[in-house]
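Engineer: Structure for this input, please:
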Amino acid sequence: MRKLLILCLVLLASPAMGQAICTERDKFVLKLKDNYKETRQVIALVSNGHILEVFVSPSGDWTMLVTQPNGTACVISTGEAWEALPEIKHGTNL
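Structural biologist: Prediction:
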């Protein structure tokens, strides 16, 4: 099923981006929510002004997006078995 999403996103991708899987961020977020039940779990500002987000489903599938200031988002990675771990206190063993 994930391969079908990637194929659909490739068809929607901006021609200027070549092989990259990029489109409007809102389109990605809607597809991830509707098709995979993925919701945003992580957000961070990247040093170049882009936004990094990780969307995760209840089953642990995940998608990592980077969004440019103009609103164009690109999938940079996908995977499975996402696990949120508790914070490790300094001075404790892993």
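Engineer: worst-scoring helix or strand of the chain, pLDDT-wise?
Structural biologist: Taking mean pLDDT, DSSP states H and E as the measure, helix 2-12 is the helix or strand of the chain with the lowest mean score, a mean of 45.
Engineer: Go ahead and flag the most central residue of this protein.
Structural biologist: residue 64 (2.5 Å; Cα atoms, centre = their mean).
Engineer: Secondary structure element holding it?
Structural biologist: strand 62-67 (DSSP states H and E).
Engineer: Can you pull out the low-pLDDT segments for the protein?
Structural biologist: 1-19, 92-94 (pLDDT under 70).
Engineer: all strands for the protein, in order.
Structural biologist: 22-24, 39-45, 51-56, 62-67, 72-79 (DSSP state E).
Engineer: right, and the ones you listed - which one's nearest residue 32?
Structural biologist: Checking the strands of the chain against residue 32 by Cβ to Cβ gives strand 51-56 as the closest, at 4.9 Å. (C-beta placed from N, C-alpha, C; glycine too.)
Engineer: Give me the contact list for the closest one.
Structural biologist: For strand 51-56, the surrounding residues in contact (Cβ atoms under 8 Å, 6 or more residues apart in numbering) are 29, 32, 38-46, 62-67, 82.
Engineer: can you give me the end-to-end distance of stretch 49-67?
Structural biologist: From its first residue to its last, stretch 49-67 covers 9 Å (Cα to Cα, to the nearest Å).
Engineer: The strands of the chain: which one's closest to residue 88?
Structural biologist: It is, among these and with distance given as Cβ to Cβ, strand 39-45, at 16.8 Å.
Engineer: Sheet partners, orientation included, of that closest one?
Structural biologist: If you go by DSSP bridges, strand 39-45 pairs up with strand 51-56 (antiparallel).
Engineer: Which residues in the strand it pairs with does the neighbour count mark as buried?
Structural biologist: For strand 51-56, burial by neighbour count (16 or more other Cβ atoms under 10 Å) applies to 53, 54, 55, 56.
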